[in-house]
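Q: Need coordinates for the below:
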Amino acid sequence: MLTPRQEDILRKVVIAHQATEQPVGSKTLAADPELQAGPSTVRNELALLEEHGLLAHPHTSAGRVPTDAGYRYFVDRLLPAPTGGRTLELSLTRREVDEAMRATTETLSQVTNLLAIVSAPPLDTATIRHIEVLALQPQILMVVVITSTGGVSKRVLTFHEPVDSGLAAWAAAYLNEELVGLGLGARMLHKPLADPTLPPTERAFLDRLGPAFTELAATAEDSLYVDGAGRLLSEHRFQDLSQINDLMHMLERRVTLLEMLRTAIGERDVLVRIGAENETPALRSLAMVSSGYGLPLRPLGTVSLIGPVAMDYAATIGVVREAAHQLSRFVEDVYEA
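A: Below is the predicted model:
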């Protein structure tokens, strides 16, 4: 446990390093009237903080810089209380889910100059809102499924013989009557499609249309929205080219990103991973701040910002928390509509 003076010095080193990205010397700290400590006292405290693993000494004659552990102590114990500073206006009203996710990602990146990643709700959490069965040609039909989140799925089916227009119209009416309101991943979808009380012709026709509904959730991929990679690369001084390559490779691999973000989806508040705390090698020189969003008892996705370890944690945590809150309100309106 640190003394109040040591915590004060650590706080000032972290804040100064965040502002300048340069080592902080004992003379600079001793000149701060708030510390009320001479240079020799400050040097001794800095040495003790270094022994605790909270500060590092990059060069013999240089000042100190916070380590990952130092930033972790700062985030857990010394983070300033929110003051309301940076605000976030997402304007998500009347947007479809796809547009809302994209707007959130772009706004987060622009406001913070960090890499923003938002994961959309899985498709199988949506319900069917409307169905169309359209004749493109006499032997070709297209089944259109519109979901409660605004997603649109299209499936083209080819038949050996021309399809009776009356049969297609009946199928559209029947499917809207039986399937609207059901979840895409619900087992109940199969029952109306294989209703034994239907005449053989109608039942055989629905059997051909069935995969447009029963395979929709299984074949869908979770959507990720990413913005700000260029800002991160220009703002953050990577130690070597391999770090940039690792980061870009991670952004290209959706599976890696999704696995990384799932660690935050069930968190009750904001999750902060600093430097080596990140299991993903591409992030071990960076920090990630994430929060889940969704319905009260149903997490649906995550909001994340990635940037240098020396980021402004108070502001970043506040922005991520607010974005998750606004997205939760948005999806609550969408899923109840």
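Q: only C-alpha atoms for contact and neighbour calcs from this point on.
A: OK.
Q: Now residue 285. Nearest residue, chain neighbours left out?
A: residue 275 (4.9 Å; C-alpha to C-alpha, 6 or more residues apart in numbering).
Q: Relative to residue 74, how far out is that neighbour?
A: According to C-alpha to C-alpha, to the nearest Å, residue 275 and residue 74 sit 14 Å apart.
Q: At which residues are the helices of the stretch 151-300 of the chain located?
A: In the stretch 151-300 of the chain, the segments counted as helices under DSSP state H, counting those that start in this stretch are 165-179, 190-193, 200-209, 211-214, 216-219, 229-235, 241-252, 254-265.
Q: Any buried residues in the last one, and which?
A: Looking back up the chat, that one is helix 254-265. Within helix 254-265, the residues that qualify as buried are 257, 258, 261, 264, 265, counting by 16 or more other C-alpha atoms under 10 Å.
Q: Next: the third one.
A: Applying a neighbour-count criterion of 16+ other C-alpha under 10 Å, the buried positions in helix 200-209 are 202, 203, 206, 209.
Q: Pull that helix out as CSV, backbone CA atoms only.
A: Listed next in CSV are the C-alpha coordinates belonging to helix 200-209 (Å, rounded to 0.1, in the frame of the first residue of the first chain):
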residue,chain,number,x,y,z
PRO,A,200,-49.4,-31.4,-49.8
THR,A,201,-48.8,-28.8,-52.5
GLU,A,202,-48.6,-25.9,-50.0
ARG,A,203,-46.5,-28.0,-47.5
ALA,A,204,-44.0,-29.0,-50.3
PHE,A,205,-43.7,-25.3,-51.3
LEU,A,206,-43.0,-24.2,-47.8
ASP,A,207,-40.4,-26.9,-47.5
ARG,A,208,-38.5,-25.3,-50.4
LEU,A,209,-38.8,-21.8,-48.8
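Q: so where's the stretch 101-250 of the chain shaky on pLDDT?
A: 123-125, 149-150, 185-186, 216-222, 235-243 (pLDDT under 70).
Q: Could you break this structure into its assigned domains?
A: Taking automatic domain parsing as the reference, the chain has its domains at 4-78, 97-122+222-336, 124-219.
Q: Can you give me the neighbour number for the spatially closest residue to residue 79 that is not a sequence neighbour?
A: Using C-alpha to C-alpha, 6+ apart and skipping the chain neighbours, the partner closest in space to residue 79 is residue 314 (6.4 Å). When neighbours are defined as other C-alpha atoms under 10 Å, residue 314 has 15 of them.
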